[in-house]
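>>> Need the 3D shape of this:
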Amino acid sequence: MKAAVSNDGHGPAIRAVDPWGSPREKARQLLNEEERARLAGLATIVQFRKGEEIYREGQRADAAFNIITGVVKAYKTAADNSKHITAFLFSSDVFGLSEGGWCANSIKAITPVTAYRLPVRALRSQFLNDPGLEFHVICKLIHDLRQTQHHAFILTRRHALSKISMFLQLLEYLQAVRGEQTTIIYLPMKRSDIAEYLGMSVEAVSRAFGDLTTRGIVKSRDRQHLEIVDRSTFDKMVGDTSISPAAGSTTQ
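This is a model prediction of the structure:
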């Protein structure tokens, strides 16, 4: 990990509405530029390499992080050493706050990441003097909790195509919340990460992406960028209806 000296602020400019909820409504729960600037006064700016572990489950939580750029994954390790991804976190997301002072998940950068590092002790003092900021940070964490609930809902789906479609819909929605264009959906994570997140095999993930492409529902620019070209059929996939047995095989 190395320190940097640059600064950056982000204020969401919402461009689309998605079935996960209204991006305009959710944007109120994101930290605005002024709030991020107040947090930046407490912070150092740190950078992590792609694949670098930021902290490990069970480690003492002495700092929180607010992502400026990049994507990380949160995961838990089972007794058999298998890993289960619980969340993907993007720019403006906060992680590292934990009850009891211990990290509940492990966090790893899946792209190069730049973030504010906020010492917990300094953050706690700031909240005592700035209840408005504390409220908005809590709202941001509640927003993240809702994403966890969406994840749990995706896991209940039986069909691989439905799971992948709901995952793409969630990524599209999160791009809209961050004020990014949604014509192209960005997938910075590997297929193996998607498989761990959705409770599927890598082979089932690859087959599902292949089926969506073959059926003309999505068009891939490359492995990290795709476009939804048949919105009506895509929405049926999300709703888990009208899926043929051949293309809608169960998750393996």
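
>>> contacts, neighbours, all on C-alpha from now
Noted.

>>> so who does Gly226 touch?
Just so we're on the same page, residue 226 is Leu rather than Gly. By CA atoms under 8 Å, 6 or more residues apart in numbering, the contact list for Leu226 reads 184-186, 218-220.

>>> mind redoing it with 10 Å?
168, 183-187, 213, 218-220 (CA atoms under 10 Å, 6 or more residues apart in numbering).

>>> ditto for His84
Contact analysis of His84 by CA under 10 Å, 6+ apart lists 74-78, 193, 195-199.

>>> Between these, which sits nearest Ala87?
Closest approach between these and Ala87, by CA to CA: Ala74, at 5.2 Å.

>>> so where is the stretch 1-150 of the chain shaky, pLDDT-wise?
For the stretch 1-150 of the chain, the stretches flagged by pLDDT under 70 are 1-32, 35-40, 99, 132-150.

>>> burial of Phe65, as a residue count?
Neighbours of Phe65 under the rule other CA atoms under 10 Å: 23.

>>> what's the distance between it and Ala208?
According to CA to CA, to the nearest Å, Phe65 and Ala208 sit 34 Å apart.

>>> what do you get for Ile68?
The gap separating Ile68 from Ala208 is 32 Å, by CA to CA.

>>> ok, back up a step: can you flag the buried ones in the contacts of His84?
74-76, 193, 195-199 (16 or more other CA atoms under 10 Å).

>>> pretty sure Pro119 is touching Gly41, no?
No. In this structure, Pro119 is not within contact of Gly41 by CA atoms under 10 Å, at 11.3 Å.

>>> so Arg157 touches Met166, yeah?
Yes. Taking CA under 10 Å as the definition, Arg157 is a contact partner of Met166 at 9.3 Å.

>>> Which one of the two is surrounded by more residues?
The neighbour comparison of Arg157 against Met166 (other CA under 10 Å) goes to Met166, with 25 against 19.

>>> Secondary structure of that one: a helix, I assume?
Yes. Applying DSSP: H, G, I helix; E, B strand; the rest coil, one finds Met166 inside a helix.

>>> what helix or strand is Lys108 on?
If you go by DSSP states H and E, Lys108 is part of strand 106-109.

>>> pLDDT score for Ser165?
On pLDDT, Ser165 comes in at 93.

>>> hang on, Leu212 is in a helix, isn't it?
Yes. Per three-state DSSP, Leu212 lies within a helix segment.

>>> how many other residues sit next to it?
Residues near Leu212, counting by other CA under 10 Å, number 22.

>>> Distance of it relative to Lys163?
According to CA to CA, Leu212 stands 12 Å off from Lys163.

>>> Which parts of this protein are helices?
For the chain, the helices defined by DSSP state H occupy 23-27, 33-40, 120-129, 131-155, 160-177, 191-198, 202-214, 231-238.

>>> what separates the closest residue to Ser206 other than its chain neighbours from Ile217, distance-wise?
In space, and not counting its chain neighbours, Ser206 is closest to Arg191: 7.3 Å by CA to CA, 6 or more residues apart in numbering. Using CA to CA, one gets 19 Å for the distance from Arg191 to Ile217.

>>> now Ala43
Distance of Ala43 to Ile217, computed by CA to CA: 44 Å.

>>> Now do Ala79: how many residues are near it, please.
7.

>>> List just the nearest of the buried ones among the contacts of His84 to Ser91.
Proximity of the buried ones among the contacts of His84 to Ser91 (CA to CA) peaks at Ala74, which lies at 14.3 Å.

>>> which residues does the closest one contact?
For Ala74, the contacting residues are 55-57, 83-89, 95, 104-109, 197, by CA under 10 Å, 6+ apart.

>>> correct me, but Arg223 touches Gly210?
No. Arg223 is not in contact with Gly210 according to CA under 10 Å; the separation is 11.2 Å.

>>> show me the contacts for the residue nearest to Ser206.
Taking CA under 10 Å, 6+ apart, we find Arg191 in contact with 197, 201-206, 209, 223-224.
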